[in-house]
Every structure is written in structure tokens, then in C-alpha cells.
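>>> no letters, just coordinates:
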């Protein structure tokens with residue numbers, strides 16, 4: 001079977017039976033829930049004394065009052081998502097990659113084992129994540145600010161974002177599996193995409209398309225319209241749905257890319273294993289022959 005098909009099959013198998021691989025993503029999602037909870041508490045005393053001033057400064061006083069405070073939860077969770085990704089999410093993605101390595105090496109799945117192995121360097125994976133996010137954010141911001149107001153700009157931004165994701169999606173796996181410094185991990189990611197462009201594109205395009213479609217159809221503007229037509233509390237299930245989509249697509253992309261990295265190298269690993277076995281047998285032959293001659297004598 002083609003490595004791409006095997007990678008997807010192993011990822012689906014992971015979701016069903018190797019449930020420990022969910023832990024890094026569930027921990028990140030739980031911390032994001034805590035961040036959203038902090039936003040929820042901002043207008044309510046006694047928390048408002050500490051939390052309301054910064055919210056008021058950055059987002060105006062309007063978002064501290066019902067019903068716009070509910071809409072603010074949906075709008076501002078993108079900021080909590082970035083903060084949690086910087087503080088924890090990038091590192092947890094690296095831990096997930098280390099756990100994928102455990103499955104390919106026949107080692108029992110263990111978050112503790114991934115942590116103890118020290119394959120994941122916090123500063124390294126964080127820097128890789130920040131560079132990737134910064135390039136994507138700068139690209140989209142530059143297009144929105146300086147490009148003409150036309151439909152093609154929107155699609156160009158999406159296409160360039162996916163292209164950038166394709167080129168750099170292997171950077172964290174490279175930093176974990178090869179223990180490469182951040183600059184080398186970025187170079188290895190670009191080289192990996194150039195060597196396997198189709199499989200890398202498919203792995204990136206499917207979850208990216210899901211996130212883009214969700215962002216388009218459930219945008220903050222549409223959420224505000226739905227609030228006025230139905231009830232403000234509709235925001236609560238939409239916040240939960242948005243977090244679910246983010247968590248699922250992040251897990252799908254991270255785990256599939258990590259599997260694909262190993263499957264692309266499986267022939268080399270298998271050849272090395274065969275070579276090592278042959279060498280061991282060759283070394284054992286003389287002693288075996290001597291034992292037989294001794295027995296005959």
C-alpha cells in the first residue's frame with residue numbers, strides 16, 4: 001500500500017484503538033477551555049476587578065455587557081488559542097510526534113515515556129511554531145492591507161496559506177525525530193515537501209479545507225446575525241463546536257504527518273535492519289562451523 005494510504009489508515013487506527021495519542025490534544029483543548037472560562041468571568045465580580053480592565057482596554061467596554069459578551073467569547077477564543085498554542089500546544093504537538101515514533105518502534109504508548117526521552121525540546125518546537133504562524137499571519141495581513149479589494153485576494157490568501165503550511169508542516173516532526181535545531185528543521189520540512197509533494201499536499205489540504213470551510217460558514221459576523229435571529233445563548237454550542245473542529249483537525253494533521261514521515265523512511269529502515277541481521281549472521285557463521293568441526297572430532 002502507498003505510504004499516504006497507510007498513514008491515513010494508521011491515523012484512523014490511532015483514533016480508534018491507540019487512544020493515548022489523544023492525550024496531548026485533549027490537554028491542550030482543556031487549557032483552552034480554561035482560557036475561555038477566564039473570558040466568561042471577566043464581567044462578573046469579584047473577577048471583574050482584575051479581568052475587566054484589560055478586556056475593556058483592548059476590546060472596548062461593549063463586550064463586557066450582555067449579549068455581546070457571549071459573542072465576545074466566540075470572537076476572542078482565537079486569541080486564547082494562540083496563547084495556549086504558544087504556552088503549551090506546540091510542545092504537545094511534539095509529544096504527539098514522539099508517541100507516533102513509539103508506535104513505529106514497537107514501544108508501548110506513553111506520554112511519560114515521551115517526556116522522559118527528552119526528544120521534544122520546548123524552545124525548539126516553540127520557535128518553529130512561532131515562525132510558521134508568524135509567516136502565515138504576516139502573509140494574510142499583508143494581502144488584506146495592501147492588496148486591492150477583490151475576490152481573488154481572498155482565494156490567493158487561502159492558497160498561499162496552504163502552500164506555506166505544506167512547506168513547513170514537517171518542521172516539528174523533523175525537530176523531534178531528527179533532533180534538528182530550528183533552522184535545520186525548517187529546511188528539512190521544505191525538502192520533505194519537495195520530495196513528496198502530492199502526499200504532503202493531501203495530508204495538509206484535508207484538515208486545512210475543513211478549518212477554512214468552518215471559518216467561512218461560522219464566522220463571527222454570521223454568529224452575531226444568528227444571535228439576533230435566535231437567542232444569544234446559541235454562542236455556547238458554537239464555541240464548543242469550534243474548539244472541537246480545531247482539536248480534531250490539529251490531531252488529524254499532526255498524527256498523519258508524523259506517520260507519513262516514518263513510512264517514507266521505512267524502506268531505508270528495513271534495509272538497515274536486514275543489513276544488520278545479515279552482518280550478525282555472517283559473524284556467527286565461523287563460530288558455528290568451529291562448533292560442528294569440534295563435534296565431529
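Received it, and whenever you're ready, just let me know what you need. The shown structure was predicted, so the numbers you read here are calculated from the model rather than taken from an experiment.

>>> which non-adjacent residue is nearest residue 131?
What sits nearest to residue 131 in space, not counting adjacent residues and going by CB to CB, 6 or more residues apart in numbering, is residue 186, at 6.7 Å. Placement of C-beta: from N, CA and C, glycine included.

>>> whoops, residue 122 was the one
Residue 122 sits nearest to residue 91 (CB to CB, 6+ apart), 5.2 Å away.

>>> so who does the residue nearest to residue 131 touch?
Counting by CB atoms under 8 Å, 6 or more residues apart in numbering, residue 186 makes contact with 128, 131, 168, 171.

>>> do residue 102 as well
Per CB under 8 Å, 6+ apart, neighbours of residue 102: 108, 109, 110, 113, 114.

>>> by neighbours, which of those wins?
residue 114 (25 neighbours; other CB atoms under 10 Å).

>>> that one: what's it in contact with?
With CB under 8 Å, 6+ apart, residue 114 has these contacts: 95, 98, 99, 102, 120.

>>> buried subset of the residues you listed, written for ChimeraX?
The following ChimeraX line selects those of the contacts of residue 114 that are buried, judged by 16 or more other CB atoms under 10 Å:
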select :95,98,99,102,120
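
>>> pipe the contacts of residue 114 into TSV and attach secondary structure, pLDDT and distance to residue 243 per row.
Converted to TSV, those look like this (DSSP: H, G, I helix; E, B strand; the rest coil; pLDDT from 0 to 100; distance: CB to CB, whole Å):
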residue	secondary structure	pLDDT	distance to residue 243
95	helix	97	20
98	helix	96	24
99	helix	95	22
102	helix	93	27
120	coil	95	24
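
>>> got a markdown table for the contacts of residue 114, with distance to residue 38 too?
Formatted as a markdown table, the contacts of residue 114 follow (distance: CB to CB, whole Å):
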| residue | distance to residue 38 |
| --- | --- |
| 95 | 24 |
| 98 | 30 |
| 99 | 29 |
| 102 | 34 |
| 120 | 27 |
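
>>> now for the contacts of residue 114: which two are most distant?
102 and 120 (12.6 Å; CB to CB).

>>> just the contacts of residue 102: which are in helices?
113, 114 (DSSP state H).

>>> now render the contacts of residue 102 as JSON lines, adding distance to residue 240 and pLDDT.
Converted to JSON lines, those look like this (distance: CB to CB, whole Å; pLDDT from 0 to 100):
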{"residue": "108", "distance to residue 240": "33", "pLDDT": "90"}
{"residue": "109", "distance to residue 240": "27", "pLDDT": "91"}
{"residue": "110", "distance to residue 240": "30", "pLDDT": "93"}
{"residue": "113", "distance to residue 240": "32", "pLDDT": "93"}
{"residue": "114", "distance to residue 240": "28", "pLDDT": "94"}
